[in-house]
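Student: from the sequence below, what's the structure:
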Amino acid sequence: MAGLTRTAGAYSVTPHKISVCILLQLYAPSAQMSLPFPFASVSQHNRLGLYLLSLTKSCDDIFEPKLEDLVNQLREVGEDMDAWLIDHLTNRFSSLTSPDDLLNFFTDMRGILGSLDSGAVQDDQIILDPSSNLGMFVRRCILAFNLLSFEGVCHLFSSLEVYCHSSSAQYDASNDNLESLIQHDQMDMEKYIMDKATEEIELHKNASGSVPFHLHTPKALFKVTEGLLVTRKEKSRGNTKKTEATPLACSSSSTVDDTLVDESLFLRTNYQIQGFLMEQANAIETHGSSLSSSSIESFLQKLQNLAPELHRVHFLRYLNKLHSDDYFAALENLLRYFDYSAGTEGFDLVPPSTGCSMNGRYEVALLCLGMMHFRFGHPNLALEVLTEAVRVSQQISNDTCLAYTLAAMSNLLSEMGIASTTNVLGSSYSPVTSTASSLSVQQRVYILLKESLRRADSLKLRRLVASNHLAMAKFELMHVQRPLLSFGPKASIRHKTCPVSVCKEIRLGAHLISDFSAESSTMTVDGSLSSVWLKDLQKPWSQPVFSQESGSRKSSTFFQFCDHSVSIPGSVSQIIGASYLLRATSWELYGSAPMARMSTLVYATLFGDTSSSSDAELAYLKLIQHLALYKGYKDAFAALKIAEEKFLTLSKSKILLLKLQLLHEHALHRGNLKLAQRMCNELGGLASTTMGVDMELKVEASLREARTLLAAKQYSQAANVAHSLFCTCHKFNLQIEKASVLLLLAEIHKKSGNAVLGLPYALASISFCQSFNLDLLKASATLTLAELWLGLGSNHAKRALDLLHGAFPMILGHGGLELRARAYIFEANCYLSNPCFSVSTDSDTVLDSLRQASDELQHLEYHELAAEALYLMAMVYDKLGRFEEREEAATLFKKHITALENPQDEELNMA
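Tutor: Sure thing, here's the model as predicted:
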């Protein structure tokens, strides 16, 4: 009942459970009961069964619904047979006139249960499987009743009378005094609770426009009861005003006060509460720092005060502080969670293996602590903690936690810059111990990944298997697998990455869409099962499954229920979406801009709503970078403005980093070196000072600093920065970044006039690009190599032109505006430098390339390259005697030179 609480402890029989048992007798009548079969179809019978299943799942509520609430629900479920169900329910209650009738009732309940040793079963008889959910509910009720003493049976009978009479409009005259006293006592308590609930609900509605989690009942949970008590007759009258006025619509006989009491006190099962907390955890992990940390903390603090037994609240507070970068608060809440619950309550990341001790989950606590240190940029400390987690997991044979820990360690070694791990990994994990002294970090990562993948596959941890496949694809993409045996007849001679292996691993990771059902969480299934039906009851009954032309009026509620029960979990959707982002990254490195853009658009279209904020930011970043490379800065800054409105530009956010990068590029192209240096300093200031942390950001900042010094013609300083960066990349095994740094060194020597010194760097960069299949970067390095050859003298013009034409398909097909413009200008330079080339006879070949370069550079506002193209055009026009066009080109040349020498701070206004 709404105003009476059930006693905690052992399973007890209540009047509401007796109501469910009566309905179960109608669903599966025993052979001794002469009941007509009122169901018009099998679907009606199944519908009642699903409704009863949802009722049995919600029978663990602290507060139970009234008989009036149950009757109103039956009006929704029963369709044409609702009157028969309600009449039989009320008549059955009226027949229970003494405690002896209760005894006979539960004796009859045994008849609806089937057994293997039962006699012949009639053809039309429907029996319940004793091991099913409904059968277990009946057996528990019978057992709980049999354990009652005589006083307990009498007390149950008295409660049953109150339960029946509380929903009646009139009372028997002989029982007026007693029932009025009972009702007065209950109404006082209900009025007090209702007043407090109404006050808090109105307060929060006025403040935020939404109803918070109140008395264990969040809006996300009691929203499933919207429209629950509205009868079909009321819906047919179109009484929408009353439905809109209150979140929980009531019947015509109910008052507004009753509605508020029902809304605030319709409590949920433990499964549903845990399911709600799981939803909040997913929301925090999905949206991350874009959520208001203070409001979430206030919400969780109130929830903890209301229900201190929910230890999972500490874990949510840990996640909230983790994503708001509060190290000490995150550590405190994580320790509290494992101190209070020992990791055994509501933690679904690492379920215990068979035979694992449940006295405490110390290994899971170590795993979470190591991941927290990883998040806050403490790589060495995280590695030590994870190594200890490996040792404890092996000691207690928790293979599941071991698989997750190995995956976390491989991710740590891949993301963080750790030069040596001999003292850490050599003492815990046996596959690494045997060769610890000779393995590189790269080989350790590969071994850990393979072992985690093997264990996850044997344990059927589908999500972890998919994550490991994606991690393996990233490893294959970024590293050349060097064999453990580097000599002898079995030594491998392949020193290149394999795009086929990368594609295979990505596809295996995406197979999770069909395999995730094999790994299911009991809490998730039970929570959804007990609330989906109540949620679907609020939906209009006029929605047909088929079109109106077919004339079918079947309700879609059953199909909606099935849709809910087989929907894809958010974690599965995120992993599949991450596979598309990784596919886009691989296409970017391989040099296929259209395929990279297509993969990113597929991700944004299909997985944008379910993705984490970090992945969504990455998708926006890729699309904006594509606009900047292929459309120019105007479109890129317009898209960046939209992204800034969608995501919070916090410290180290991808959108903020992208903004600084675009401003730096634009400032360099416009010749505003002071602004470029400022953006470069801000970019470097965001990186952590800890060694090995934020390596990608540090490399990016150093690259941009060297390019800024190069634009300022400070060649020696730029070379020093580039050399230092190359040593850092070599120390931390950043192979792809090495190719970019070597290409930058070749550019520095080319512009400083030392073409001979630049040739080895260009050739080394091409060698790295070949090893990692970086086709577009290889084309750019080939262009630089050709420019260096031409810098050695005009007698090398033909060789330079041959190199350029070899790279032309890749440059023109997949290169950006700047790369294509450079290629066009260099082609014209090669023709003009060749003594065998005659401008007068083949001028269109040169002019077409220069016009194309000039048009593309207009979008980039690249004044230096545009001035070079216009200068060459003016020279050609002069040789051809086309003086008007020469003057026009010269005027534009002067305009670009003036803008280059007198830059204006327009970048910040554009951004």
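Student: where's residue 788 relative to residue 758, distance?
Tutor: Remark: distance between residue 788 and residue 758 (CB to CB, to the nearest Å) = 5 Å. Backbone N, C-alpha and C define where each C-beta goes, glycine included.
Student: ignore what I typed, I meant residue 369.
Tutor: As judged by CB to CB, residue 369 and residue 758 stand 49 Å apart.
Student: show me where the stretch 801-911 of the chain has its helices.
Tutor: In the stretch 801-911 of the chain, the helices defined using DSSP state H, counting those that start in this stretch lie at 817-833, 843-860, 863-880, 883-901, 907-910.
Student: buried residues in the longest one, which are they?
Tutor: Of the residues in helix 883-901, those buried by neighbour count under the rule 16 or more other CB atoms under 10 Å are 886, 889-890, 892-893, 896-897, 899-900.
Student: which one of the residues you listed sits closest to residue 407?
Tutor: The closest of these to residue 407 turns out to be residue 900 (CB to CB; 51.3 Å).
Student: so that closest one makes contact with residue 669?
Tutor: No: proximity of residue 900 to residue 669 does not meet the contact threshold set by CB atoms under 8 Å, at 9.5 Å.
Student: any common contacting residues for those two?
Tutor: Residues within reach of residue 900 and of residue 669 at once, by CB atoms under 8 Å, 6 or more residues apart in numbering, are 863-864.
Student: which non-adjacent residue is nearest residue 496?
Tutor: Of all residues not flanking residue 496 in the chain, residue 771 sits nearest, at 5.2 Å (CB to CB, 6 or more residues apart in numbering).
Student: which element follows the helix or strand the one you found falls within toward the C-terminus?
Tutor: According to DSSP states H and E, residue 771 maps onto helix 755-772. Note on helix 755-772: by DSSP H and E, the next helix or strand toward the C-terminus is helix 775-791.
Student: how about that next one as PDB, C-alpha atoms only?
Tutor: C-alpha atoms of helix 775-791 as PDB (Å, rounded to 0.1, in the frame of the first residue of the first chain):
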ATOM      1  CA  ASP A 775      51.000   7.400 -48.700                       C
ATOM      2  CA  LEU A 776      50.000  11.100 -48.500                       C
ATOM      3  CA  LEU A 777      52.900  12.000 -46.200                       C
ATOM      4  CA  LYS A 778      55.200  10.100 -48.600                       C
ATOM      5  CA  ALA A 779      53.800  12.200 -51.500                       C
ATOM      6  CA  SER A 780      54.600  15.300 -49.500                       C
ATOM      7  CA  ALA A 781      58.100  14.100 -48.700                       C
ATOM      8  CA  THR A 782      58.600  13.200 -52.400                       C
ATOM      9  CA  LEU A 783      57.600  16.800 -53.300                       C
ATOM     10  CA  THR A 784      60.200  18.100 -50.800                       C
ATOM     11  CA  LEU A 785      62.800  15.800 -52.200                       C
ATOM     12  CA  ALA A 786      62.100  17.100 -55.700                       C
ATOM     13  CA  GLU A 787      62.400  20.700 -54.500                       C
ATOM     14  CA  LEU A 788      65.800  19.800 -53.000                       C
ATOM     15  CA  TRP A 789      67.000  18.300 -56.200                       C
ATOM     16  CA  LEU A 790      65.900  21.400 -58.100                       C
ATOM     17  CA  GLY A 791      67.800  23.500 -55.500                       C
END
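Student: and residue 694, how many neighbours?
Tutor: Neighbours of residue 694 under the rule other CB atoms under 10 Å: 20.
Student: going by secondary structure, the closest residue in space to it that isn't next to it in sequence is in what exactly?
Tutor: Leaving aside its chain neighbours, residue 694 sits nearest to residue 687 (4.2 Å; criterion: CB to CB, 6+ apart). Using DSSP H and E, residue 687 sits within no helix or strand.
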